[in-house]
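Participant: Here is a sequence together with a model predicted from it:
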Amino acid sequence: MDWLEQELAQALARKEPAAGFDARVRARLNRRPQWLAIAATVLVMLGVGEAWHVRQQEGQLAKEQVMTAMRIAGGKLNRVQTHLKGTGQ
Amino acid sequence: MIGLTAVRQALDFGELMREHRGMVFSVCWHFLHDRDLAEEIAQDVFLSLHKNLSGIETPAHAGFWLRKVAVQRAIDAARKRSRRPQVALEDVGEPSVGPAGGDPMLGGMLRRLIATLPETPRMAMILRYQEDLDPREIAETMGIPLGTVKSHIQRSLAMLREKLERRGVGER
């Protein structure tokens, strides 16, 4: 190493960060799970909301099917009743 | 297998942080000349280490990994910052712990001259003289060809000599 390289090695010597660096890193590490928990909660809430929505749709569909079945059964009963009346006369 | 597990268990995050924080912070500080940004990036590098600790096999691997990530993050930060207004180098304060020995005036001048270099030669010079890496190790860390590293260092040294001579600073 010549004089310039020696001066460079001294000028670029390692420096420590400000005191408390490790604690600041650990504080950020401890903050992370809170964000993870919030993200997880939001995801669960979205999942629950979606499941509730699907159930609502399924319930509505089942209701419509029951109503259609009743309408069909009612129509058939009317026809049978009409037929019976005709036979009686 | 048992030996590798034992080595992995021996890797303690706090110990790695104590051992390498000076190296990680200094790479960022010398490259960016912004203490707050250097601290933020150094913290990010250690958070990243914590996340990837299971993939680190030995203390030497941790040192290599940290240096490589610090280099990448510092370069990325410089690129992002180049889109924002910057503080003049003369206005930037030095970290509280100064270099041991050497001429402080000349040291400051050299750091300012190095800060004027383009990204790749600047980082190569920092790894050469801060970390005492040889050109092959620098090439491996930065992911660039060995010849490129050698030519960057030679040209940077020549530029520094020329600028120092113009300022009347020479061999003592």
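Facilitator: Noted; the coordinates are in hand. Numbering: from 1, shown residues only, chains lettered A, B, ... in the order given.
Participant: CA atoms for contacts and neighbours, from now on please.
Facilitator: Will do.
Participant: With just CA atoms, put stretch A:50-58 into PDB.
Facilitator: C-alpha atoms of stretch A:50-58 as PDB (Å, rounded to 0.1, in the frame of the first residue of the first chain):
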ATOM      1  CA  GLU A  50     -67.400 -13.700   1.900                       C
ATOM      2  CA  ALA A  51     -68.700 -16.800   3.600                       C
ATOM      3  CA  TRP A  52     -71.700 -14.900   5.000                       C
ATOM      4  CA  HIS A  53     -72.400 -13.500   1.500                       C
ATOM      5  CA  VAL A  54     -72.200 -16.900  -0.100                       C
ATOM      6  CA  ARG A  55     -74.600 -18.300   2.600                       C
ATOM      7  CA  GLN A  56     -77.000 -15.400   2.000                       C
ATOM      8  CA  GLN A  57     -77.000 -16.200  -1.700                       C
ATOM      9  CA  GLU A  58     -77.500 -19.900  -1.000                       C
END
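Participant: Now do that stretch, average pLDDT.
Facilitator: Stretch A:50-58 carries an average pLDDT of 89.
Participant: mind checking pLDDT for the residue lying closest to residue B:29 once chain neighbours are set aside?
Facilitator: Taking CA to CA, 6 or more residues apart in numbering or on different chains, and ignoring the residues beside it in sequence, residue B:29 has residue B:38 as its nearest neighbour in space, at 5.0 Å. Each residue has a pLDDT score; the one for residue B:38 is 97.
Participant: Could you say which helix or strand holds residue B:38?
Facilitator: helix B:35-51 (DSSP states H and E).
Participant: what separates that helix from the chain centre, distance-wise?
Facilitator: 13 Å (CA atoms, centre = their mean, to the nearest Å).
Participant: what's the distance between the residue nearest in space to the middle of chain B and residue B:41?
Facilitator: Geometric centre of chain B, nearest residue: residue B:27, 2.1 Å, by CA atoms, centre = their mean. Per CA to CA, to the nearest Å, residue B:27 is found 10 Å from residue B:41.
Participant: How many residues are close by residue B:21?
Facilitator: Residue B:21 has 24 neighbours, counted by other CA atoms under 10 Å in any protein chain shown.
Participant: How about the one 4 residues further on?
Facilitator: Taking other CA under 10 Å as the neighbour definition, residue B:25 ends up with a count of 29.
Participant: Could you do the one 4 residues further on as well?
Facilitator: A count of neighbours around residue B:29, defined by other CA under 10 Å, yields 25.
Participant: Buried residues in the helix or strand harbouring it, which are they?
Facilitator: Per DSSP H and E, residue B:29 falls inside helix B:13-32. Neighbour counts over helix B:13-32 (16 or more other CA atoms under 10 Å in any protein chain shown) mark B:16-17, B:20-32 as buried.
Participant: quick one on the thing from earlier: hmm, the residue nearest to residue B:29 is touching residue B:21, no?
Facilitator: No - using CA atoms under 8 Å, residue B:38 is not in contact with residue B:21; the gap is 11.2 Å.
Participant: Show me the domain layout of chain B.
Facilitator: Per automatic domain parsing, the domain ranges recorded for chain B read B:1-85, B:103-167.
Participant: what about residue 62, which helix or strand?
Facilitator: Just going to use chain A. Counting by DSSP H and E, residue A:62 is found in helix A:21-88.
Participant: ah, no, chain B please
Facilitator: Short version, using DSSP H and E: residue B:62 is in helix B:59-81.
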